[in-house]
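Colleague: pasting the structure only:
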């Protein structure tokens, strides 16, 4: 399978989640590296993976990979790649770059060389000295790692976390892709109660509801490659139609989002309403200490305050102690907490069953996982 290679990029620590998502979509020829999963595919797969990947940052079309220790080598090997098979005569293309531990450490020079090489390649196809660049957009990236150059074109456009439902957000919102990963790393499924006691603008409950109802996360947005002639319109129409048909419209979920901030709850309700999930998520303006946790075999997934600012530390430490006292009594619950606080387990009063290192933006965090018993009916 596959006459092209695609790369699903991810935040460090989420590569295995993205790999599992790709395998669930039917892809088997996968290579996992730091921050990315490379896989064999066909043109018709570009819409599918853009629509369905929940935890990946974006999907890149891999044009080539080679060793480059000089600008001449970079130019010639870039020019040899089949840019003319993808970029149209009127295509608007930009070049982005990054370099780590490579002899070609000047990113701006590398970008300029790649741009020149691509132009020279296109000249041979279109027999012109000047390109209008008024058509579809193509973002090329040259990534240099230990003298190995990887050349890609971004098929996604804006990052895949841009689902289209977030009308408003609170300060420092959790990225949608990370929220989806937190749910997928948990024991939650659509038959169980889910509570987020610190829901903010509702990202975790909304992402969980989309998973529970099998809603493709990219269904309400557009992608850069929709304008590429090589990726046929019928591929997009077919992928979207199948995504609509796959939705579990009649499923009703038990998801509760709580926050002490009234404004955050109002924003969360608006965001859920924008994607027609208002009947599946109940948002409550309440302190987590006052929530009714009676439902057996529930799941708590949360991203509480971290106390990054000095003035907040004591307040957050008290919060974590209270979380331990309240959640510690929920014997049938599975509990998942994301925080950057390195003393969380001590404050909470219990060592996690499992701890996973992740990144929330640029903040290094840990995902503390406390596993409850398996429900009898699952």
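Modeller: Yep, that arrived. None of these values were measured; they are calculated from a predicted model.
Colleague: what separation do you get for the residue of the chain positioned farthest from its centre and residue 84?
Modeller: For the chain, the largest distance from the centre (C-alpha atoms, centre = their mean) belongs to residue 127, which lies 40.3 Å off. Noted for residue 127: a distance of 11 Å to residue 84, by C-beta to C-beta, to the nearest Å. In this view, the C-beta of every residue, glycine as well, is placed from N, C-alpha and C.
Colleague: tell me who's in contact with the residue farthest from the centre of the chain.
Modeller: By C-beta atoms under 8 Å, 6 or more residues apart in numbering, the contact list for residue 127 is empty.
Colleague: tell me the phi and psi of it?
Modeller: phi 50, psi 50 (degrees, to the nearest 10).
Colleague: one more: residue 11?
Modeller: Torsion angles at residue 11 (phi, psi; degrees, to the nearest 10) stand at phi -70, psi 140.
Colleague: not counting sequence-adjacent ones, nearest residue to it?
Modeller: Counting by C-beta to C-beta, 6 or more residues apart in numbering, the nearest residue to residue 11 once its immediate chain neighbours are dropped is residue 359, at 5.3 Å.
Colleague: name the SS class of the one you found, please.
Modeller: Assigned with DSSP: H, G, I helix; E, B strand; the rest coil, residue 359 falls in the strand class.
Colleague: and the pLDDT for it?
Modeller: pLDDT recorded at residue 359 is 95.
Colleague: pretty sure it contacts residue 12?
Modeller: Yes - Residue 359 is within contact range of residue 12, at 5.7 Å (criterion: C-beta atoms under 8 Å).
Colleague: picking up where we left off before, need the per-residue pLDDT for the residue farthest from the centre of the chain.
Modeller: If you check residue 127, the pLDDT there is 86.
Colleague: how near is it to residue 117?
Modeller: Note on residue 127: its distance to residue 117, by C-beta to C-beta, is 18 Å.
Colleague: compare residue 359 and residue 12 (neighbour count), which wins?
Modeller: Set side by side, residue 359 and residue 12 show more neighbours around residue 359, with 15 against 11, by other C-beta atoms under 10 Å.
Colleague: so what pairs up with that one in the strands?
Modeller: Beta bridges link residue 359 to residue 364, judged by DSSP bridges.
Colleague: who's in contact with it?
Modeller: Neighbours of residue 359 in contact, by C-beta under 8 Å, 6+ apart: 11-13, 365.
Colleague: out of those residues, which one sits closest to residue 250?
Modeller: For the contacts of residue 359, the closest approach to residue 250 (C-beta to C-beta) belongs to residue 11, at 33.7 Å.
Colleague: so that closest one touches residue 357, yeah?
Modeller: No - under the criterion of C-beta under 8 Å, residue 11 makes no contact with residue 357, lying 11.0 Å away.
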